[in-house]
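**Student:** Test case, fold it:
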Amino acid sequence: MTAYNAFYAQSGGVTPVINASAAGVIQAASQHPDKINKVYAGEDGILGALFEELIDTSMESEADIEALKMTPSGAFGSCRYKLKSIEEQRAEYERLIDVFKAHDIRYFFYNGGGDSQDTAHKVSQLSDSMGYPITCVGVPKTIDNDLPFTDCSPGFGSVAKYVAISILEASMDVASMSSTSTKVFVMEVMGRHAGWIAAAAGLAADERGLGPDIILFPEVPFDEAAFLAKVAETVKNKGQCSIVVSEGAAYPDGRFLADSGVRDAFGHAQLGGVAPVVTGLIKASLGFKCHWAVCDYLQRAARHIGSKTDVEHAYALGHEAVELAVSGHNAVMPTIVRTSDEPYEWKLGKAPLAEVANVEEKMPTDYISEDGFFITEACRRYLAPLIQGEDYPSYRNGLPEYVVLKKYKVAKKLPAFTLTE
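**Tutor:** Coordinates of the predicted model:
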């Protein structure tokens, strides 16, 4: 049997554990030398294929590939570039096929969220229409936790852990100074349309009154009067108030509280910071001294306190993507299937890319409290296992020892390529 090469790429916003999935793909591929020769990684995601910027992962040491499990961000580079339909962007699709042909690539593994799974699905369709066989398998990833069919998305558990710890510690800080200083602390987290990350902050709340007092979800239309009344009541009863707000919090008419009017490469609204907006409302209406913080990139790069469960999910899904491909499965994405909450148990499944692409899994209504400002016990049962376990990286000179790959390039065989507008 002839062994062919594989193409792996990272897409969209990175996570604390996306490189664990990369390690899973590369190490699993090495176990099938009869079917997969080399794994070429695209530099900066799908752009690496279009520009023929291919990284030969076989040139990296086994130790460095293993160290990817402990390293955050995108080791091979990522991008926000969405392929449109084949009819609209045929030149890009033809270029992909040309590059794959030139480098004997027959396997395509795309590590990303819903938009990325859409790209993987389109490439699988391209394979059929252009007569060049490519086995396409998506590798799930998104801190937003909004992919369908999978119990959770790799990257989310570690971000959830970071957010819960951060609001726990910040709420203790506010409590210690509230009599003479800050009364309200607002922490902004990611989550455009789905409030999973904001919800995870609720795990920090306990019977001692720690953690957040109010959570603002994208799924709940923002009621300014009800919100301000809740803040005032909390400060009156506790002396202070800690708030977590999702970047996608929106008014009843759908306008984001922090819509900057700019769109990114995927056509999504570029959000300009909702924490200062919320803080401004509180100051103007209630007069409390407030502080705010935006987690931004910190939450999705915090591998130093990554969830062990999350790391295990990410690696297993990367590994399983290869197993599915070499077993003849095409246009699918491996998934996490929960079989038990307590103790938390899971297994691997799969879903068709055609049904995964561009679908957002939002928070169920029974996961949000009746007043719309907190999580329910059902939500806590779902979330709690995902932040369990510690998987600390090695440290050197007091800092995590993250790996930086050599990224040896494969010689180009084709003319230069320019993206279409």
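
**Student:** which residues sit in contact with the residue positioned nearest the centre of the chain?
**Tutor:** Closest to where the C-alpha atoms of the chain average out (CA atoms, centre = their mean) is Thr142, at 2.1 Å. By CB atoms under 8 Å, 6 or more residues apart in numbering, the contact list for Thr142 reads 12-13, 15, 112-114, 153, 155-156. C-beta here means a position set from N, CA and C on the backbone, and glycine is covered the same way.

**Student:** Just give me the least confident of those residues.
**Tutor:** Across the set of the contacts of Thr142, Gly114 stands lowest in pLDDT, at 86.

**Student:** From Asp56, how far off is the nearest residue to it once chain neighbours are set aside?
**Tutor:** Nearest non-adjacent residue to Gly114, counting by CB to CB, 6 or more residues apart in numbering: Asn358, 5.3 Å away. Using CB to CB, to the nearest Å, Asn358 is found at 32 Å from Asp56.

**Student:** Which one's more surrounded, these two?
**Tutor:** Legend: neighbour count by other CB atoms under 10 Å for Asn358 and Asp56, higher for Asp56 (17 against 11).

**Student:** Now do Ala177 against Ala170, distance only.
**Tutor:** Slight slip there: residue 177 is Met, not Ala. 11 Å.

**Student:** do Thr182 as well
**Tutor:** 10 Å.

**Student:** Do a quick rundown of the helices in the stretch 1-150 of the chain.
**Tutor:** Assigned by DSSP state H, counting those that start in this stretch, the helices in the stretch 1-150 of the chain fall at 18-29, 46-50, 62-67, 90-102, 114-130.

**Student:** Which of those has the lowest mean pLDDT?
**Tutor:** helix 114-130 (a mean of 83).

**Student:** Beyond the top helix by length along the chain, next helix or strand please.
**Tutor:** The longest helix of the chain (DSSP state H) is helix 156-177. Later in the chain than helix 156-177, the nearest helix or strand by DSSP states H and E is strand 184-189.

**Student:** what angle separates that following strand from helix 156-177?
**Tutor:** Using axes from the mean of the first three to the mean of the last three CA atoms, to 10 degrees, one finds that strand 184-189 and helix 156-177 are set 170 degrees apart in direction.

**Student:** Please compute how far the helix or strand following strand 184-189 lies from its chain's middle.
**Tutor:** For strand 184-189, the following helix or strand on the C-terminal side (DSSP H and E) is helix 196-201. Centre-to-centre, helix 196-201 and its host chain are 13 Å apart (CA atoms, centre = their mean, to the nearest Å).

**Student:** helices or strands up against helix 196-201?
**Tutor:** helix 156-177, strand 184-189, strand 214-216, strand 241-246, helix 377-383 (3 or more CB pairs under 8 Å, 6 or more residues apart in numbering; DSSP states H and E).

**Student:** What is the longest one packed up against?
**Tutor:** Spelled out, that is helix 156-177. strand 184-189, helix 196-201, strand 241-246, helix 296-301, helix 308-326.

**Student:** okay, the last one in CSV with CA atoms only?
**Tutor:** The one in question is helix 308-326. The C-alpha coordinates for helix 308-326 follow below in CSV (Å, rounded to 0.1, in the frame of the first residue of the first chain):
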residue,chain,number,x,y,z
LYS,A,308,-6.0,18.2,32.9
THR,A,309,-9.3,17.0,31.5
ASP,A,310,-9.1,19.6,28.7
VAL,A,311,-5.5,18.5,27.8
GLU,A,312,-6.6,14.9,27.7
HIS,A,313,-9.6,15.7,25.4
ALA,A,314,-7.5,17.8,23.1
TYR,A,315,-4.8,15.1,22.6
ALA,A,316,-7.3,12.3,22.3
LEU,A,317,-9.3,14.2,19.6
GLY,A,318,-6.1,14.9,17.5
HIS,A,319,-5.1,11.3,17.8
GLU,A,320,-8.6,10.0,16.9
ALA,A,321,-8.8,12.3,13.8
VAL,A,322,-5.9,10.3,12.3
GLU,A,323,-7.4,7.0,13.4
LEU,A,324,-10.7,7.9,11.7
ALA,A,325,-8.9,9.0,8.5
VAL,A,326,-6.8,5.8,8.1
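
**Student:** Quick one: neighbours of Pro221, just the number.
**Tutor:** Neighbour tally, Pro221, other CB under 10 Å: 13.

**Student:** which element is the nearest residue to it once chain neighbours are set aside on?
**Tutor:** Nearest residue to Pro221, sequence neighbours excluded (CB to CB, 6+ apart): Pro252, at 4.0 Å. Counting by DSSP H and E, no helix or strand carries Pro252.

**Student:** ok, now which ones touch Pro252?
**Tutor:** If you count contacts by CB under 8 Å, 6+ apart, then Pro252 has 221-223 around it.

**Student:** can I get these in TSV with pLDDT?
**Tutor:** As requested, these are exported to TSV (pLDDT from 0 to 100):
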residue	pLDDT
Pro221	97
Phe222	97
Asp223	97
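
**Student:** What is the nearest of those residues to Ser340?
**Tutor:** Pro221 (34.9 Å; CB to CB).

**Student:** picking up where we left off before, out of the helices and strands packed on helix 196-201, which is the most enclosed?
**Tutor:** strand 241-246 (a mean of 30; mean count of other CB atoms under 10 Å).

**Student:** Which neighbours in the sheet does it have, and how are they oriented?
**Tutor:** strand 184-189 (parallel), strand 214-216 (parallel) (DSSP bridges).

**Student:** Need the CA coordinates for it. PDB is fine.
**Tutor:** Extracted in PDB, the C-alpha atoms of strand 241-246 (Å, rounded to 0.1, in the frame of the first residue of the first chain):
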ATOM      1  CA  CYS A 241     -20.300  43.200  43.900                       C
ATOM      2  CA  SER A 242     -18.300  41.100  41.400                       C
ATOM      3  CA  ILE A 243     -19.600  40.900  37.900                       C
ATOM      4  CA  VAL A 244     -18.600  38.800  34.900                       C
ATOM      5  CA  VAL A 245     -19.700  39.900  31.500                       C
ATOM      6  CA  SER A 246     -19.400  38.100  28.200                       C
END
